[in-house]
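Colleague: Need coordinates for the following:
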Amino acid sequence: MHNVFLIGKGLEAFSETFESKGHKVKGFESFDHARDEISSATLILLDKGDKSFKAGIREVFSASKGIPKVLVSFENNSIDTGSIAKEPFTYSVKKPAARDLLSIVKRIDEERRASEENRRLKEEVQALDKEIKFFEDLSHAITGSSDTAGVLSMLIAKIREKTGAETCTIYLVDENSGDLVIEKSEGNTRPGGKAIPAIADNVVGWVAREGKPVLIKNVFKDPKIYQKLERSIRHKAKSVICVPIRSRGKTLGVLELINKTGHEEFSQRDFSSMLRLTDHVALVIERAILYEKMQELVITDDLTKLFNTRYMSRSIETEISRSNRYNTSVSLIFMDIDFFKDVNDRHGHLIGSKLLVEIGQLLLRHLRDVDIVARYGGDEFVIILPHTTSGKAVKIAERIRQTVEQHPFLKKDGYNLRLTASFGVAAYPENARGKEDLIRLADEAMYKVKHRTRNGVYAIIQDGSV
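Modeller: Residues are numbered from 1 along each chain as shown. The predicted structure is shown next:
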């Protein structure tokens, strides 16, 4: 229904017809009388015989810009349509009946709806073009870079630019604990750095567990939602989007957006856009996980997850260079499990493999963070001790020997096995002239133990003997 202004003395006869159709009608003798109220009209009928209209047609159209108008003439002379042809939703009619005017009003409404739909479609096309460009740029970045951190930073920057989000955070699910860990976060409302427990009763935890997205336009309108927000953002968050990042039916993480700039709320369009985006985020994360696993395969032993000989060799070179630079020592311990073959023969290779894994973990627990433990092959292990002289290395080797001797292996599996090990120690620059010499001397020292007593520690002294 329209708020109809009838401007001119000749239009009073149409008032009753428009009111009978539910329109709210207001009559004015001239445009000058309607000038102050013209902005409240949604439809104007103008009597072209009105003197003020004839005198100031440009002013009339300027003041009523955007309001549909029907220009009515009761005279027999032709109507000059030049001025009104360019004005949208404006018609000129001569000596109309009431039904003619109602028909024109109906046509105006249809045209306005069509115009509005056309405008909306144009906006959607423009938004879609921008989104296609956004995804094209993202795809190129994903396929053209192995820098996962850089891609994620670019991704978050694009998301914030696209949605106007104050904060964007990507959480990843830790494979071991199942907790959600912040992988990347940028913005004004940063969440706390601690991991979110997998069973946490909050929005992010729920989205991760259920695998369902959430749009919260205004958290303060729902007290339950407000209570479920992280404490660190509870008093800062107003509008939230939380979307699971899934691949092959598995949740890899969660994408969270907090607040729009300018105190606005996230829209359904923002929400839909983020739903389409998560496949790309999942691809980035899958590539990162794959790359990380490939890197681990390059430097780690498949069974024990300790470093392999390739990494060991590179690390020895690095530590020798550091030793030369800072005038310090680097020591090497070779360790071999005594009678390991008997374990395999008696209990099978599966138990033997489990035993090697437990030995590796035992070594890691009893060494410093800077020390490097590698599986040399079979049941042999190598320990690199930076900034450690031969004498200190012997003490460390003896401590490990006692630990191995006293430790009940595979107790959880019901075996409670007892083992011993033989150790050989050499140091650079005290004994060895370089990497190959250091490895050879420590290996020879270990074999001297194996061929004599087993369950002991032998070290190379400066003249090359043991």
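Colleague: ok, Ala98 - how many residues close by?
Modeller: Around Ala98 there are 14 other residues, counting by other CB atoms under 10 Å. (Glycine included, C-beta is placed from N, CA and C.)
Colleague: For the closest residue to it other than its chain neighbours, which three-state class applies?
Modeller: Distances taken as CB to CB, 6 or more residues apart in numbering place Thr17 nearest to Ala98, at 4.0 Å, with adjacent residues excluded. Following DSSP: H, G, I helix; E, B strand; the rest coil, we place Thr17 in the helix state.
Colleague: and Ile351, that's in a strand?
Modeller: No. Per three-state DSSP, Ile351 lies outside any strand segment and is helix.
Colleague: just checking, it touches Asp345?
Modeller: No. Using CB atoms under 8 Å, Ile351 is not in contact with Asp345, being 10.7 Å away.
Colleague: picking that back up, quick one: the residue nearest to Ala98 from Pro96, how far?
Modeller: Distance check for Thr17 against Pro96: by CB to CB, to the nearest Å, it reads 11 Å.
Colleague: residues touching Val207, list them.
Modeller: Neighbouring residues of Val207 by CB atoms under 8 Å, 6 or more residues apart in numbering: 213-214, 242-244, 254.
Colleague: and if you look at Gly253?
Modeller: Gly253 touches 170-173, 180, 183, 208, 244-245, 281, 285, counting by CB under 8 Å, 6+ apart.
Colleague: ok, then the element right after the longest helix along the chain?
Modeller: The residue-count maximum for a helix in the chain (DSSP state H) belongs to helix 98-144. For helix 98-144, the following helix or strand on the C-terminal side (DSSP states H and E) is helix 148-163.
Colleague: Can you give the strand pairings for the helix or strand just after that next one, parallel or anti for each?
Modeller: Per DSSP H and E, the first helix or strand lying C-terminal to helix 148-163 is strand 165-173. Counting by DSSP bridges, the strands paired with strand 165-173 are strand 180-187 (antiparallel), strand 250-260 (antiparallel).
Colleague: Which parts of the stretch 251-400 of the chain are helices?
Modeller: 268-299, 309-326, 340-347, 349-365, 390-406 (DSSP state H, counting those that start in this stretch).
Colleague: mind listing what's buried in stretch 408-422?
Modeller: Within stretch 408-422, the residues scored as buried using 16 or more other CB atoms under 10 Å are 409-410, 417, 419, 421-422.
Colleague: ugh, typo on my part, it should be stretch 320-336
Modeller: 320, 323, 329-336.
Colleague: what's the helix or strand harbouring Met446 in contact with?
Modeller: Here Met446 sits within helix 435-452, counting by DSSP H and E. With contact meaning CB under 8 Å, 6+ apart, helix 435-452 is reached by 313, 316-317, 320, 330, 332-336, 338, 380, 382, 422-428, 431-432, 456-460, 464, 466.
Colleague: Could you do stretch 163-172 as well?
Modeller: So stretch 163-172 is contacted by 152, 155-156, 159-160, 180-191, 196, 204, 208, 241, 245, 252-262, 264, 266, 270, 273-274, 281, 285 (CB under 8 Å, 6+ apart).
Colleague: coming back round to it: quick check: can you name the pairing partners of whatever helix or strand comes next after the helix holding Met446 and their directions?
Modeller: As assigned by DSSP H and E, the chain's next helix or strand after helix 435-452 is strand 457-459. Strand 457-459 pairs in its sheet with strand 421-428 (parallel), by DSSP bridges.
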